[in-house]
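K.L.:
Sequence and predicted structure, then a few things I'm wondering about:
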Amino acid sequence: MLSDITDTHQRSFLQEAVDCYEIGAKRASIVLAWILTMNHLYQYIYKYKKNEFDAVLLANTDKRVKISKLTSIDDFTEIPEGKFIEFCRTAKLITNDVRKILEEKLGTRNSSAHPSGISISELKATEFIQDLIENVVLKYKI
């Protein structure tokens, strides 16, 4: 998986997630893989699909989203992640299947990133990381 990532910054970030996974820090590996995936999508959209995303932002009526146009890549952080996924689907930037994956993984990330009594198995962390890398990061090439 690491060798498939050509961007050195992303590869080192994925390596950090793998390092966490290998020492048993499953929650941390999930959070890092999620951050990598979101950052990858932000870069992809800003570079190739900014106009399509801006059109959806302009039509937005959700008061939680205060921006109506992307002026920098950092503007994505002003959008709640669930809303970001919805916007990506509305703009037809991702398929419905990718939307389902992202929504499911967002729930897992939320459970992993916040104090809870759930247990994160090695299998769950493996599936989480592989699913995002194979179905999002490697699919949407920058």
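P.N.:
Received it, and whenever you're ready, just let me know what you need. Numbers count the residues shown, from 1 in each chain.
K.L.:
helices or strands next to the helix or strand residue 101 falls within in the packing?
P.N.:
Here residue 101 is covered by helix 96-113, with elements defined by DSSP states H and E. Packed against helix 96-113 by the contact rule (3 or more C-beta pairs under 8 Å, 6 or more residues apart in numbering; DSSP states H and E) you find helix 26-48, helix 81-90, helix 122-132. Where C-beta positions appear, they are placed from N, C-alpha and C, glycine not excepted.
K.L.:
For residue 112, which of those is the nearest?
P.N.:
Set against residue 112 and scored by C-beta to C-beta, these come closest in helix 26-48, at 4.3 Å.
K.L.:
tilt between the next helix or strand after that closest one and helix 81-90?
P.N.:
Once the chain leaves helix 26-48, the next helix or strand it forms, by DSSP H and E, is helix 50-59. With axes from the mean of the first three to the mean of the last three C-alpha atoms, to 10 degrees applied, the angle from helix 50-59 to helix 81-90 works out at 120 degrees.
K.L.:
which outside residues touch helix 50-59?
P.N.:
45, 65, 67-70, 87-88, 90-93 (C-beta atoms under 8 Å, 6 or more residues apart in numbering).
K.L.:
Stretch 80-98 now?
P.N.:
Stretch 80-98 has contacts (C-beta under 8 Å, 6+ apart) with 38, 41, 45, 49, 52-53, 55-57, 60, 62, 64-65, 76, 79, 99, 102-103, 106, 135-136, 139-140.
K.L.:
Same question for stretch 34-49.
P.N.:
Contacts to stretch 34-49, defined as C-beta under 8 Å, 6+ apart, come from residues 10, 13-14, 17, 53, 70, 73, 76, 81, 84, 88, 91, 93, 102, 105-106, 109, 132-133, 136-137, 140-142.
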